[in-house]
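> What would the 3D arrangement of this be:
(one chain, ligands or ions: 1)
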Amino acid sequence: MANPSPLENALEQFDLVAKKIDLDASIYNRLRKPEKCYIVYVPVRRDNGVVEVFEGFRVHHSTSRGPAKGGIRYHPDVSLEEVTALSMWMTWKCAVVNIPFGGAKGGVVCNPKSMSRCEIQGLTRRYTSELINVFGPHTDIPAPDVNTNPQIMAWIMDTYSIAVGYAEPGVVTGKPIDIGGSLGRNEATSRGCIFTIYNLLKRLNRNVEDQTVVVQGYGNVGYNAAQIIHDDGAKVIAVSDSRGGVYNPNGLDPRELLNYKQEHGSFKGFPGADEVTNEELLELDCNILIPAALENVITKDNADRIKADIIAEGANGPTTTEADEILFERGIYHIPDILANAGGVTVSYYEWVQGLERDFWCEDEVNRKLKNIMDRAFDCVWDISQREKVHMRMAAYILAVSRVARAKLWRGLYP
Ligand code: GLU
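This next block holds a predicted model:
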């Protein structure tokens, strides 16, 4: 049987928890669908003078607990289905760490690697302007995701600010510090992920210095995770990007890897390391595996062969529900995306608060608050998983869906 699409996967996960907690049927029916899906067609003048039209999406899954919150990705495989799945995961993620946001996601079908800076700016500004009545500091707050970055967030902030007539930092997070971004936001997803790993290591009585780590994906999340855990003494033995990976059982230096990738466009030919495919990388002998790329990479087809005994999901939706069961039966500790990568949106929340108040915090304060929230969320999820004898994804879902369901019950149905 074919592996499920990200949306099928997200719905299966939701169905499993709904059954487990005996979720009220009306709440179930509402949460199984997004609240709103926007489709926009974005005209962009390419550098050759020709106007091309790109398809873009923004989906709000739930706004019961607060404004719609979630990133925007630029990728050729973006689809309405995928963005819908990602928006559901944002709802659960915000609820797991208990921040007052709902779930959203956006995306544009494009290949930013073959577009110039000027074309990407044109695309971003027009996408924003098509959604100008949707975005807003109290309605829908975008952030970076796959292939988007602080510069792109700055263009969103600028386009929105020009429309309303004043500089509005609260409309987007992951911005550059100079226009109201938060210190610590850039590394926040990775730092949060590493905090969850350290919580787990503590419970298992293991030291970070004794761990070998494999990281799939070398964007913002993968690179920073590799770098932080390397600085803390673990041995990063393999990393990859979309073009493939490199492996050295004696350890690699994450900064050298980044410099090499920036210079050569990929890890191909990185000195002193063997080349591995992305598939091989996932199955390498190591203690900790951090999938930090795209969805559906750990499936029933390879879950039996994963050798790591800790998996921490830096990416959204890297594991199918069938693979979840296989990994659980094999005794692998598996920190799910909606917990492991929630550090990003948590510091987005801090950035939003700082922006609205025009009062900015030092980096230590941001990191301390992030650690508190991640530790608390980990504790809750761990306790549920022990009490209910379920894997950590189910435990995180029990926590998240119950919180969202309670919000929905209190607010009731309009009209
Ligand atoms: N794109 C990130 C995520 O998937 C960050 C979202 C945000 O900060 O709003 O969690």
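
> Close to the ligand: what parts of the stretch 201-350 of the chain are there?
Residues of the stretch 201-350 of the chain lying close to the ligand (CB under 6 Å from any ligand atom) are 316, 341, 344-345, 348. Using the backbone N, CA and C atoms, a C-beta is placed for each residue, glycine as well.

> Which of the residues you listed fall in helices?
Cross-referencing these against helices under DSSP state H gives 344-345, 348.

> could the residues you listed be laid out in TSV, adding distance to residue 41, neighbour count and pLDDT?
As requested, these are exported to TSV (distance: CB to CB, whole Å; neighbours: other CB atoms under 10 Å; pLDDT from 0 to 100):
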residue	distance to residue 41	neighbour count	pLDDT
344	29	28	98
345	28	27	98
348	28	28	98
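
> Just give me the closest of these to residue 243.
Distance to residue 243 across these (CB to CB) is lowest for residue 344, with 24.2 Å.

> In three-state terms, label residue 245 for me.
strand (DSSP: H, G, I helix; E, B strand; the rest coil).

> Name the nearest residue to residue 331, sequence neighbours excluded.
Nearest residue to residue 331, sequence neighbours excluded (CB to CB, 6 or more residues apart in numbering): residue 309, at 7.3 Å.

> Burial check on that neighbour, number of neighbours?
For residue 309, the count of nearby residues is 17 (other CB atoms under 10 Å).

> Would you state the helices of the stretch 51-200 of the chain in chain order?
80-96, 117-130, 150-164, 185-203 (DSSP state H, counting those that start in this stretch).

> quick one, the last one and helix 150-164 angle?
Looking back up the chat, that one is helix 185-203. 130 degrees (axes from the mean of the first three to the mean of the last three CA atoms, to 10 degrees).

> how about helix 185-203: buried residues?
185-201 (16 or more other CB atoms under 10 Å).

> Pull the contacting residues for residue 321.
Applying CB atoms under 8 Å, 6 or more residues apart in numbering, one finds that residue 321 lies in contact with 4, 9, 12-13, 16.

> Name only those of those that count as buried.
4, 9, 13, 16.

> Pick the one among those closest to residue 356.
Here the nearest of the buried ones among the contacts of residue 321 to residue 356, counting by CB to CB, is residue 13; it sits at 32.6 Å.

> Isn't residue 96 up against residue 402?
No - checked against CB atoms under 8 Å, the pair residue 96 and residue 402 is beyond contact range at 10.7 Å.

> Tell me which of those two has more neighbours.
residue 96 (28 against 15).

> What residue, apart from its backbone neighbours, is nearest the more buried one spatially?
Leaving aside its sequence neighbours, residue 96 sits nearest to residue 400 (CB to CB, 6+ apart; 4.7 Å).

> returning to that earlier point: would you mind giving the helices of the stretch 51-200 of the chain as a markdown table with mean pLDDT added?
Listed next are the helices of the stretch 51-200 of the chain as a markdown table, based on pLDDT from 0 to 100:
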| stretch | mean pLDDT |
| --- | --- |
| helix 80-96 | 98 |
| helix 117-130 | 98 |
| helix 150-164 | 98 |
| helix 185-203 | 98 |
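
> Number of residues surrounding the residue in the stretch 101-250 of the chain that the ligand sits nearest to?
With CB to the nearest ligand atom, the shortest gap between the stretch 101-250 of the chain and the ligand falls at residue 143, namely 3.2 Å. Burial measure for residue 143: 26 neighbouring residues, criterion other CB under 10 Å.

> So what sits opposite it in the bridge?
For residue 143, the beta-bridge partners are residue 71 (DSSP bridges).

> sorry, back to before: now distance to residue 292 too, for the helices of the stretch 51-200 of the chain, in CSV please.
Output for the helices of the stretch 51-200 of the chain, formatted as CSV (distance: least, CB to CB, whole Å):
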stretch, distance to residue 292
helix 80-96, 15
helix 117-130, 22
helix 150-164, 18
helix 185-203, 8
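
> Relative to residue 356, which of those is closest?
Closest approach to residue 356 among the helices of the stretch 51-200 of the chain (CB to CB): helix 150-164, 13.6 Å.

> now the closest one against helix 117-130, angle please.
Angle, helix 150-164 to helix 117-130, by the same axes, to 10 degrees: 40 degrees.

> hmm, back to that, could the contacts of residue 321 be laid out in JSON lines, adding pLDDT?
Putting these into JSON lines (pLDDT from 0 to 100) gives the following:
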{"residue": "4", "pLDDT": "95"}
{"residue": "9", "pLDDT": "98"}
{"residue": "12", "pLDDT": "98"}
{"residue": "13", "pLDDT": "98"}
{"residue": "16", "pLDDT": "98"}
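
> for these, which one is nearest residue 295?
For these, the nearest to residue 295 is residue 9 (7.4 Å; CB to CB).

> Check what pLDDT the residue of the chain at minimum distance from the ligand gets.
Closest contact between the chain and the ligand, by CB to the nearest ligand atom, is at residue 71 (2.6 Å). Predicted confidence (pLDDT) for residue 71: 98.

> Quick check: closest non-adjacent residue to residue 206.
Residue 206 sits nearest to residue 287 (CB to CB, 6+ apart), 8.0 Å away.

> mind listing what that neighbour touches?
Residue 287 makes contacts with 206, 210-213, 308-310, as judged by CB under 8 Å, 6+ apart.

> List only buried entries from the residues you listed.
Buried members of these, scored by 16+ other CB under 10 Å, are 206, 211-213, 308-310.
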